[in-house]
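> sequence unknown, structure follows:
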């Protein structure tokens, strides 16, 4: 039986970055092609985005993905 890898805890800075750009959840959702509920769930740590969506969100803010999504110890 192979051991399970440790679960990663990933935080995000979406709320802060949205405030800096004066974007609502709805506006960000529209820019990256998801619903406002999806953006809300990502912000609140309920849902981790796919790699593709994570990069789309980072690109929207002009940041590297590591500046938007942060691995916590």
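Perfect, thanks for sending it. This structure is a prediction, so every number in the text was calculated from the model and none was measured.
> what is the lengthiest helix in the chain packed up against?
The helix of greatest length in the chain, counted in residues with DSSP state H as the criterion, is given as helix 51-61. Where contact means 3 or more CB pairs under 8 Å, 6 or more residues apart in numbering; DSSP states H and E, helix 51-61 is packed against helix 14-21, helix 25-32, helix 65-68. Any C-beta I mention is one placed from the backbone N, CA and C, and that applies to glycine too.
> partner strands of the helix or strand following the shortest one and their direction?
In this case it means helix 65-68. Using DSSP states H and E, the helix or strand that follows helix 65-68 towards the C-terminus is strand 69-72. As defined by DSSP bridges, the strand partners of strand 69-72 come to strand 9-12 (antiparallel).
> run the chain-centre distance for the partner strand.
For strand 9-12, the distance from its own C-alpha centre to the chain's C-alpha centre is 9 Å (CA atoms, centre = their mean, to the nearest Å).
> buried residues in that strand?
Of all the residues in strand 9-12, those buried under the rule 16 or more other CB atoms under 10 Å are residue 12.
> mean confidence (pLDDT) on it, please.
Model confidence over strand 9-12, given as mean pLDDT, is 92.
> who's in contact with the nearest residue in space to residue 73 that is not next to it in sequence?
Counting by CB to CB, 6 or more residues apart in numbering, the nearest residue to residue 73 once its immediate chain neighbours are dropped is residue 9, at 7.8 Å. Contact criterion CB atoms under 8 Å, 6 or more residues apart in numbering gives 71, 72, 73 as the residues in contact with residue 9.
> distance check, the second one against residue 9.
Pointing back at residue 72 there. To residue 9, residue 72 is 4 Å away according to CB to CB, to the nearest Å.
> how about the helices and strands packed on helix 51-61 in a markdown table, adding distance to residue 45?
Below are the helices and strands packed on helix 51-61 laid out as a markdown table (distance: least, CB to CB, whole Å):
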| stretch | distance to residue 45 |
| --- | --- |
| helix 14-21 | 10 |
| helix 25-32 | 15 |
| helix 65-68 | 13 |
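> quick one on the thing from earlier: which one of the contacts of residue 9 sits in the busiest neighbourhood?
The most neighbours of any of the contacts of residue 9, using other CB atoms under 10 Å, belong to residue 71, which has 9 neighbours.
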